[in-house]
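Engineer: got a predicted model here, sequence first, then my questions.
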Amino acid sequence: MSTVLVDTPGREIYTVSRLNAEARAVMEGSFPLLWIEGEISNLARPSSGHWYFSLKDSAAQVRCAMFRQRNMLLRFKPQDGMQVLIRARVSLYEGRGEFQLLAEHMEEAGTGALQRAFEILKQRLQQEGLFASELKRPLPTFPACIGVITSPSGAAIRDILTVLARRFPRIPVIVYPVLVQGTGAAEQISAAIQRAGKRAECDVLIVGRGGGSLEDLWAFNEEVVARAIHASTIPIVSAVGHEIDFTIADFVADMRAPTPSAAAELLSPDQAEIATKLLQQRLRLAQSLQRQLRHKRQTLTQLQQRLKHPGRRLQDIAQRLDGLEQRLLRAQQVRIHRAASSLATIFAQLERHTPSHRISTLQLQTKDISHRLQRVMGQYQQQLQQRLQQAAQTLDALSPLATLSRGYAIITTADGKIIRSSSQTKAGEQVKARLAEGLLLCRVEGIE
């Protein structure tokens, strides 16, 4: 409990507690929320969860406190020596009479500002549709030429050229030299993208650089670079930094590679793998041709076995004709025998059942039937003979011998192969000419 002592009239004496309380009220009422940048030192994290530290610059320092309900919201862990930006209220710790800042928010200085700018630009470009997947163009499977927009003296171009030389050294590479960090870097990168599109020398571009801090990579987070990538007529692969680094260029580009080396791997076919695949295809083609050749040979052998000489075919047809003739004669004899049997049966019945006065009539009828039967049998036999004669004439017309008898000849090679075209022989070759009677040995004098 504070008290005021008055030892003489007109003199007011403050206690320390009252002085600190009123000083705190004056200070907290006089300053608004402030943004303050400095380096952290003497950071303490007691079991209560509150943080206590000093914020200093090259000339001064101030004590700070950040209570648990505030520091739980941070996305990073501050450390001694870290440059930070805090939003704080000016206050006084009455217990020790120390001037202090009560921090309500903290972010990394420099990097934090850049990160905020990065998120704002990323959100705006995404809303405009620059990151849409349907705008991504396919990369060429076998690029005819690769363009690289990077620093000509950096590690990125050496890594890219090393990978390309190992995987597919025949791909030509055009380097568009630019600054990749610092003042004017973003403008040079944008201009190089536009220049590559106008010159149309390459069918794919790699835009990137090696690793670094957010400040080092910032040129690839500039809006002018993002717009140039979006407007490019050539597909672009973004290869900025290491695998954990992401830039605005990565989101706008047609493809993101985690490193420049990975971009070269992505765009270059492996010549060893291609050679292996070509060898496999060659082996499969050779095996397929061998299988087809074996099948054709088998088919040819079967056809050769089925092929018959015309004379043998003629013999087969003549033999079939003899068989038909014999069957015809047997059928005719069977029918005559049946007719005779039927006639004998009729005569027997007539003799048993017909009175004598009908005998003459029946005899006349019998004679008539007999004449008709003989006439029918004669007609039938004549028809059969006509059919036999027609079949013989047809067979004779189809016979090669009949063709030969009309003055034609069958020309064969010396080994007996029939010649159907002048292309099957040549001048000076011996051939045979088979006639209806006899065989001629000839020599080819010329071909027309």
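Structural biologist: Received the coordinates, thanks. Numbering: from 1, shown residues only.

Engineer: dump the residue contacts of the spatially most central residue of the chain.
Structural biologist: The centre of the chain sits closest to Thr141, judged by CA atoms, centre = their mean, with a distance of 10.6 Å. In this structure, Thr141 makes contact with Pro269, judged by CB atoms under 8 Å, 6 or more residues apart in numbering. Placement of C-beta: from N, CA and C, glycine included.

Engineer: helix, strand, or coil at it?
Structural biologist: Assigned state for Thr141: coil (three-state reduction, DSSP: H, G, I helix; E, B strand; the rest coil).

Engineer: against Leu161, how distant is Ala264?
Structural biologist: Counting by CB to CB, to the nearest Å, the separation of Ala264 from Leu161 is 8 Å.

Engineer: ok, these two, which is more surrounded?
Structural biologist: Ala264 (28 against 16; other CB atoms under 10 Å).

Engineer: could you say which helix or strand holds the more buried one?
Structural biologist: Ala264 belongs to helix 260-267 when assigned by DSSP states H and E.

Engineer: distance from the chain centre to that helix, please.
Structural biologist: Centroid separation between helix 260-267 and its chain, computed with CA atoms, centre = their mean, to the nearest Å, is 20 Å.

Engineer: give me the helices and strands touching the helix or strand just after that helix, please.
Structural biologist: Next in sequence after helix 260-267, counting helices and strands by DSSP H and E, comes helix 271-306. With contacts defined as 3 or more CB pairs under 8 Å, 6 or more residues apart in numbering; DSSP states H and E, there are no secondary structure elements packing on helix 271-306.

Engineer: so what's the gap between the helix or strand just after helix 271-306 and the chain middle?
Structural biologist: Scanning forward in sequence from helix 271-306, with DSSP H and E defining helices and strands, the next element found is helix 310-353. For helix 310-353, the distance between its averaged C-alpha position and the chain's averaged C-alpha position is 78 Å (CA atoms, centre = their mean).

Engineer: quick one: name whatever helix or strand follows helix 310-353.
Structural biologist: Downstream of helix 310-353, the next assigned helix or strand under DSSP H and E is helix 359-398.

Engineer: tell me the buried residues in stretch 127-135?
Structural biologist: For stretch 127-135, burial by neighbour count (16 or more other CB atoms under 10 Å) applies to 130-131.

Engineer: span of that stretch from start to end?
Structural biologist: Terminal residues of stretch 127-135 are spaced 14 Å apart (CA to CA, to the nearest Å).

Engineer: cool, and stretch 346-363?
Structural biologist: Termini of stretch 346-363 sit 11 Å apart (CA to CA).

Engineer: buried set for that stretch?
Structural biologist: Per 16+ other CB under 10 Å, stretch 346-363 contains these buried residues: Leu362.

Engineer: what about it, distance to the chain center?
Structural biologist: Centroid displacement of stretch 346-363 relative to its chain, using CA atoms, centre = their mean, is 102 Å.

Engineer: other residues contacting that stretch?
Structural biologist: The contact list for stretch 346-363 (CB under 8 Å, 6+ apart) reads Thr366.

Engineer: low-confidence ranges, the protein, go.
Structural biologist: Judged against pLDDT under 70, the low-scoring parts of the chain cover residues 1-10, 110-113, 307-309, 353-357, 401-402.

Engineer: if we use 50, what do you get?
Structural biologist: Segments of the chain classed as low confidence (criterion: pLDDT under 50) are 1-3.

Engineer: and for Met72, the neighbour number?
Structural biologist: When neighbours are counted by other CB under 10 Å, Met72 registers 8.

Engineer: do the same with Glu107
Structural biologist: Per other CB under 10 Å, the neighbour tally for Glu107 reads 19.

Engineer: so what's it closest to, chain neighbours aside?
Structural biologist: If the residues on either side of it in the chain are set aside, Glu107 comes closest to Leu85, at 5.4 Å by CB to CB, 6 or more residues apart in numbering.

Engineer: host element of the one you found?
Structural biologist: Leu85 belongs to strand 83-93 when elements are defined using DSSP H and E.

Engineer: also Trp35?
Structural biologist: Assigned by DSSP H and E, Trp35 belongs to strand 34-44.

Engineer: repeat for Leu125
Structural biologist: helix 111-128.
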